[in-house]
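Q: Sequence first, predicted coordinates after that:
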Amino acid sequence: MNKVTALKVAKRAGVSQSAVSRVFTPGASASNKTVLKVREAAQELGYRPNVLARSLITGKSRIIGLVVAYLDNYFYPAALEKLSNSLKAQGYHVLVFMASNDDQSTEQVIEELLDYQVDGIITASVGISNDITARCEMAGVPVVLFNRTQDRVSHSAVTSDNFLGGETAARFLCEAKHERISYIGGWAGASTQRDREAGFRAGLKKAGISLFSHALGNFSTDTAKRVTREMFVGPTKPDAIFVATDHMAFSVMDVLRSELALSIPNDVSVIGYDDVPPASWAAYNLTTLRQRSNLMVDQTVRLMLEKIRDPKVTSKHIKISSPLIIRGSAKVPKGWSI
């Protein structure tokens, strides 16, 4: 069987070969009439453009590598779908790789992506070492961090303003007259965890209140349940808890109500972070700080495309504010409204 070429498609459609090339090249311009004629001819002939050959000619694969640490948190599947759709709309394909939160696992995944000749890499909830950073720079592959930052400012990053979010949670609980305020954080190595806790502690300090108790839930529902039980052992117990993610906050609330027979918010106020869909369910009705994933995705894609077009563009860290969504899991202080 003879191979169907772009020239044959051009003859069938009655257009030039360059017009066929433009139709199948993401980002290239062609009239709607031309696109329709070429795609109809291609379908009739069974033509498929050779993406690999084009990438060898242009030096661009039109592939973005997406590295993810975990998908348990409701926030990430939704955000990653938005990222994929947004990149697809710009003419890029997405390769998704899973990695653990350690340098060795991330290094292996990044090496694989570099072998695929990707045009860029987006890491979501994954830290990246200076060694890996240097390898990507040597390969000329830009990296954008999504919902994470690194100490070395060589990669662009997009996050919520986690420090300000933590500070807002502290102010809300303090103004509600809570006195025994606790914090359940995520994984110690995550920048989001560090910034939320730092902001929360700063907000408590401004109000003249000391953190009553502290534990790390490591972004795990089981660990969050265990540390919640431990916090409520003894005669004096927390009257409010700020939890670093909604994913863990749901588990905290389950333990408080089902195991400890406590009333939320009458006995204990609970605040989360993310505003994932279950936060609005009647079963939780969680007061939380919203991560505005649409804005985060838009900025991440914009920074990636800028870096691909001009590698000399200065890296930047974009912080997006997290509004407090007030529901029924925390006492509402005067001056704040649902």
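A: Nice, thanks for sending it over.
Q: give me the number of residues near the residue nearest to residue 198 when sequence neighbours are not counted?
A: Distance criterion Cβ to Cβ, 6 or more residues apart in numbering; nearest residue to residue 198, sequence neighbours excluded, is residue 163 at 5.8 Å. For glycine as for every other residue, the C-beta is placed from the backbone atoms N, C-alpha and C. Other residues within reach of residue 163, judged by other Cβ atoms under 10 Å, total 19.
Q: ok but residue 163 is inside a helix, no?
A: Yes - per DSSP: H, G, I helix; E, B strand; the rest coil, residue 163 lies within a helix segment.
Q: wait, what's in contact with it?
A: 195-196, 198-199, 202 (Cβ atoms under 8 Å, 6 or more residues apart in numbering).
Q: May I see these arranged in JSON lines, with pLDDT and neighbour count as well?
A: Below are these laid out as JSON lines (pLDDT from 0 to 100; neighbours: other Cβ atoms under 10 Å):
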{"residue": "195", "pLDDT": "96", "neighbour count": "21"}
{"residue": "196", "pLDDT": "97", "neighbour count": "29"}
{"residue": "198", "pLDDT": "98", "neighbour count": "14"}
{"residue": "199", "pLDDT": "98", "neighbour count": "20"}
{"residue": "202", "pLDDT": "98", "neighbour count": "14"}
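Q: Okay, now the unreliable bits of this protein?
A: For the chain, applying pLDDT under 70 flags the ranges 1-2, 26-28, 50-59, 101-103, 130, 152-153.
Q: those strands in this protein, which residues are they?
A: 63-68, 93-98, 120-124, 143-146, 156-160, 181-185, 213-216, 240-243, 269-274, 287-290, 317-320, 324-325 (DSSP state E).
Q: And those: which comes nearest residue 234?
A: In terms of Cβ to Cβ, the element of those nearest to residue 234 is strand 213-216, at 9.8 Å.
Q: Show me what counts as buried in stretch 125-135.
A: Across stretch 125-135, burial judged by 16 or more other Cβ atoms under 10 Å covers 125-129, 132-133.
Q: for stretch 138-149, same thing?
A: Under 16+ other Cβ under 10 Å, the buried positions of stretch 138-149 are 139, 141-149.
Q: Between all of those, which two are separated the most?
A: Farthest pair in the buried residues of stretch 138-149 (Cβ to Cβ) is 139 and 147. Separation: 23.7 Å.
Q: what's the burial count for the nearest residue to residue 331 once chain neighbours are set aside?
A: Of all residues not flanking residue 331 in the chain, residue 176 sits nearest, at 4.4 Å (Cβ to Cβ, 6+ apart). Per other Cβ under 10 Å, the neighbour tally for residue 176 reads 18.
Q: How about the contacts made by residue 176?
A: Applying Cβ under 8 Å, 6+ apart, the residues contacting residue 176 are 240, 269, 330-333.
Q: Ok, residue 272 next?
A: 243, 245-246, 248-250, 279, 286-289, 329.
Q: Pull the number of nearby residues for the residue nearest to it when sequence neighbours are not counted.
A: Spatially, and ignoring its direct neighbours in sequence, residue 272 is nearest to residue 249 (3.5 Å; Cβ to Cβ, 6+ apart). By other Cβ under 10 Å, 30 other residues sit near residue 249.
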